[in-house]
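In: pasting the structure only:
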């Protein structure tokens, strides 16, 4: 299946939130499937982080402790930084995952805020 990298990154964040939420009792088999999906998309997430970190060094400022960050008060630099990542985020990536069945997602007790993040990988 092909997805935009931005969709993959959003999905990764949603999966992480569901898996890390200890307040909800998620079915272990469902959690196992979500972990498998996360593992499948992990290379794309890691590749983006490498590119993003390079851009932070390029457009950011170094602090006294040697860490780089994009200054939050410099709108021009923030725009250049964001623009430099825009094409990467819009690029298509291939992911090898099995879609989740709608019934299993709804039966798993996943909250509505997370359903939106999983929508692209759900099927009937």
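Out: On my side now, so go ahead. Keep in mind the model is a prediction, meaning the values are calculated, not measured. Numbers count the residues shown, from 1 in each chain.
In: Do a quick rundown of the helices in this protein.
Out: 5-20, 28-59, 75-90, 102-107, 112-118 (DSSP state H).
In: Which strands and helices lie in contact with the second one?
Out: Spelled out, it's helix 28-59. Counting contacts by 3 or more CB pairs under 8 Å, 6 or more residues apart in numbering; DSSP states H and E, helix 28-59 is packed against helix 5-20, strand 68-69, helix 75-90, helix 102-107. Heads up, the C-betas are built off the backbone N, CA and C, glycines and all.
In: wait, which of these is closest to residue 38?
Out: Residue 38 lies closest, by CB to CB, to one member of these: helix 5-20, at 4.9 Å.
In: Show me what that closest one is packed up against.
Out: helix 28-59, helix 75-90, strand 92-94, helix 112-118.
In: Give the pairing partners of the third one; include direction for each.
Out: Sheet neighbours of strand 92-94, with direction, are listed as strand 2-4 (antiparallel) (DSSP bridges).
In: and the gap between the nearest residue to residue 35 once chain neighbours are set aside and residue 33?
Out: In space, and not counting its chain neighbours, residue 35 is closest to residue 19: 6.5 Å by CB to CB, 6 or more residues apart in numbering. Using CB to CB, to the nearest Å, residue 19 is found at 11 Å from residue 33.
In: Of these two, give the one with the bigger neighbour count.
Out: residue 33 (19 against 14; other CB atoms under 10 Å).
In: my guess is the more buried one meets residue 100, correct?
Out: Yes. Using CB atoms under 8 Å, residue 33 makes contact with residue 100 at a distance of 6.8 Å.
In: what's the closest non-adjacent residue to residue 100?
Out: residue 122 is the one closest to residue 100 (CB to CB, 6+ apart), at 5.1 Å.
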